[in-house]
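Quick one, structure for this:
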Amino acid sequence: MGHVYTGQIRIRHDELDPFGRVHPSSYLRHLAQIAIDASSAVGFDARWYEAAGARWLVRRTTFDLLRPARADAALDVRTWVEDFRRVRSRRRYEVADARGELALRAVTDWVFVDLGSGRPRRVPAEMEQRFGVEAMSGAARPAWHSPAPPANPGRSSYRVRWAELDALGHMNNAAYLDLLVQATLDVLAGLGWPIERLSGDGAVPLVTGGDVEYLDEVRHDDRLETCTWFTPASHGLDVHQRTVRLADGRAVVQANTAWRWADAVSDALAEPPGEVRSALRPLLAA
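Coordinates of the predicted model:
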């Protein structure tokens, strides 16, 4: 472990879903800012990147939510660069609640990119030195994988909005998670399970984990199509998705997310409505 940075997150009311929990994409937005702060703390701030003509882009994010946060929660974050691997770097995060208990853990895999060409660029030696991590210290990344989709997975469409773009004009990495969550809800609603029906008997669904790999950049007004399929899991469902750009058929993101049901008050795990799994039989993994 190299240089460890500590920061704090305060949950805002506009980050809450209708059940009073934080939208999963909000965690990713906070972690991205913490990563920027951690970089600045060792001398790699916005001016340095501008002069270097380079920037980090998120290639893949994995996360596990252990304790959902609610309004005004203050969360403490520890983060460190885990490795450098020529043009890539993996950063790890541990987020604790006010009691000091682990609430979220996550890993982002970043790619160092030349702004002029858009191509990956070798990580500078000075960066490896300041973060206290040896060059070429990382292992090969395990490939993203999911169970095979059925012959006819669920399908939903999406149009990229202006507000979802980052400073490079690309869709923000956290916005992809919003897209994937919405696609899941659209497919479930199409099967007769809108969110109101999914959240009966005092138990509500929430996203408790994910593995999201970003494959290509997406820009304003791009039309996207997401294929969605499922596997049953204890206390919920695992959701598998792949999104393509309709203009050229290129895949732009693929993801697995864990959807679990929990008591609306205590957050204790609960069972989903029994009939929902039966309704998903046509969309179960092959």
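
which outside residues touch stretch 67-74?
Residues from elsewhere that reach stretch 67-74, judged by CB atoms under 8 Å, 6 or more residues apart in numbering: 8-11, 13, 16, 20-22, 75, 97-98, 101-104, 206, 262, 267. Bear in mind the C-beta positions are built from the backbone N, C-alpha and C, glycine included.

rerun that using 7 Å as the cut-off
8, 10-11, 13, 16, 20-22, 75, 97-98, 101, 103, 206, 267 (CB atoms under 7 Å, 6 or more residues apart in numbering).

what distance separates the start and the end of it?
13 Å (CA to CA, to the nearest Å).

Please renumber the chain so that the first residue is 527 from this point on.
Sure thing, new numbering starts at 527, so read that last one as stretch 593-600.

What residues sit buried inside that stretch?
Arg593, Pro594, Ala595, Ala599 (16 or more other CB atoms under 10 Å).

how close does the second one get to Asn678?
Looking back up the chat, that one is Pro594. Pro594 sits 33 Å away from Asn678, going by CB to CB, to the nearest Å.

what sits against Val633?
Per CB under 7 Å, 6+ apart, neighbours of Val633: Thr588, Arg616, Arg618.

Actually, Arg656.
Val568, Gly569.

Measure how buried Met653 is and give me the count.
20 (other CB atoms under 10 Å).

before we move on, which element is it in?
Secondary structure from DSSP states H and E places Met653 in helix 651-656.

next one: Arg803
helix 800-805.

what sits up against that helix?
Here helix 800-805 has contacts from Leu717, Gly718, Trp719, Leu724, Pro758, using CB under 7 Å, 6+ apart.

Look up the closest residue to the last one, ignoring the ones flanking it.
With CB to CB, 6 or more residues apart in numbering as the measure, Arg803 is the residue that lies nearest to Pro758, at 5.6 Å, once sequence neighbours are left out.

quick one: pLDDT of the one you found?
Looking at Arg803, its pLDDT stands at 91.

quick one: it from Ser760, how far?
In terms of CB to CB, Arg803 sits 12 Å off from Ser760.

So between the two, which is more surrounded?
Per other CB under 10 Å, whichever of Arg803 and Ser760 has more neighbours is Arg803, with 16 against 7.

And that one, how far from Asp764?
12 Å.

And for Arg538?
29 Å.

what does Ala558 give?
25 Å.

and what of Arg656?
39 Å.

Check which element follows the helix or strand of the chain with the lowest mean pLDDT along the chain.
Least confident element among the helices and strands of the chain, by mean pLDDT, DSSP states H and E: helix 651-656 (a mean of 89). Later in the chain than helix 651-656, the nearest helix or strand by DSSP H and E is strand 680-685.

In the helix or strand following that following strand, which residues are buried?
Remark: after strand 680-685, the chain's next helix or strand is helix 699-716, criterion DSSP H and E. Neighbour counts over helix 699-716 (16+ other CB under 10 Å) mark 699-707, 709-714 as buried.

If you count contacts, what does helix 699-716 end up packed against?
Helix 699-716 sits against helix 550-567, strand 680-685, strand 729-740, strand 749-759, strand 762-771, strand 777-789, with contacts defined as 3 or more CB pairs under 7 Å, 6 or more residues apart in numbering; DSSP states H and E.

now the angle between helix 550-567 and the third one, please.
In this structure, strand 729-740 runs at an angle of 50 degrees to helix 550-567, with axes from the mean of the first three to the mean of the last three CA atoms, to 10 degrees as the basis.

Just the mean pLDDT for strand 729-740, thanks.
Strand 729-740 comes out at a mean pLDDT of 97.

Paired strands for that strand, with orientation please.
strand 580-591 (antiparallel), strand 777-789 (antiparallel) (DSSP bridges).

which SS class is the closest residue to Trp582 other than its chain neighbours?
Nearest non-adjacent residue to Trp582, counting by CB to CB, 6+ apart: Trp636, 4.4 Å away. Classification of Trp636 by DSSP: H, G, I helix; E, B strand; the rest coil places it in strand.

show me what contacts Trp636?
Applying CB under 7 Å, 6+ apart, the residues contacting Trp636 are Trp582, Leu583, Val584, Arg585, Arg614, Ser615, Arg617.

What residues are bridge-paired with it?
Beta-bridge partners for Trp636, by DSSP bridges, are Val584, Ser615.

about what we covered before: can you tell me which of the contacts of helix 800-805 are classed as buried?
Here, 16+ other CB under 10 Å leaves Trp719, Leu724 buried among those.

Thank you, goodbye.
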